[in-house]
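K.L.:
no sequence for this one, just the structure:
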């Protein structure tokens with residue numbers, strides 16, 4: 001029987017610590033590694049508006065937040081910045097960038113940031129890309145909410161190329177970057193060559209499982225950990 005795997009969710013712990021005390025979250029992650037946890041997870045929002053709390057606050061503030069019951073004043077520090085700090089003080093624990101809202105960024109920029117974090121952490125990054133549910137978040141950043149699924153498709157197609165080819169090129173709707181990007185393939189540190197293993201990609205929004213060289217992408221962190229064992 002496989003041993004159980006434990007993931008410490010560091011997002012939305014503001015009943016236990018201030019959202020501005022990021023150093024404490026980093027310490028918790030290091031202590032989680034020492035205690036035998038397999039991974040730490042940090043989710044993200046970039047901005048929240050009034051609709052985020054349309055259903056009112058949760059009766060229990062320690063419950064995991066759901067769409068429509070999130071206080072717009074909730075702090076959401078950058079998950080990738082925070083995971084970078086955690087990478088610097090840990091050696092083994094997996095770093096789960098959960099609910100990365102890919103359509104709110106350019107594919108080239110996000111591919112570089114994720115690739116850099118994966119290399120910094122020695123191949124410990126797990127990415128769970130998503131599209132989010134909050135239309136106000138898209139409006140604030142000038143991104144069409146109704147195209148969020150297509151934009152996520154574009155990200156996944158771009159990442160497949162950018163984490164494999166040097167120089168890399170891809171063509172997306174309205175965002176063409178052909179050759180000479182200067183992006184090196186962001187390989188997982190424990191793989192000798194891209195495509196060395198299959199990693200599951202999110203399927204909640206209709207994606208099939210595909211080969212994704214480089215960084216592990218998963219619909220659940222535990223499924224990804226099973227593939228990496």
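P.N.:
Thanks, I have the structure now. Quick caveat: nothing in here was measured; it's all calculated off a predicted structure.
K.L.:
please count neighbours and contacts with C-alpha atoms only from this point.
P.N.:
Fine.
K.L.:
low-confidence bits of the protein, can you list those?
P.N.:
By pLDDT under 70, the low-scoring segments of the chain are 1, 64, 173-229.
K.L.:
quick one: the strands in it?
P.N.:
Under the criterion DSSP state E, strands of the chain are mapped to 7-9, 39-42, 94-101, 125-130, 170-172, 175-177, 216-217.
K.L.:
give me whichever of those strands is most buried.
P.N.:
With neighbours defined by mean count of other C-alpha atoms under 10 Å, none of the strands of the chain is more surrounded on average than strand 216-217, at a mean of 28.
K.L.:
OK, contacts around the residue nearest to residue 86 when sequence neighbours are not counted?
P.N.:
When the adjacent residues along the chain are set aside, residue 86 lies closest to residue 26, with 5.4 Å between them (C-alpha to C-alpha, 6 or more residues apart in numbering). Contacts for residue 26 (C-alpha atoms under 8 Å, 6 or more residues apart in numbering) come out as 82, 85-86, 89.
K.L.:
from those residues, which would you call buried?
P.N.:
Under a neighbour-count criterion of 16 or more other C-alpha atoms under 10 Å, the subset of those counted as buried comprises 82, 85-86.
K.L.:
residue 75: which of these is nearest?
P.N.:
Using C-alpha to C-alpha, residue 82 comes nearest to residue 75 of these, at 13.0 Å.
K.L.:
most widely separated two among the contacts of residue 26?
P.N.:
Distance extremes for the contacts of residue 26: the farthest pair is 82 and 89 at 11.4 Å, using C-alpha to C-alpha.
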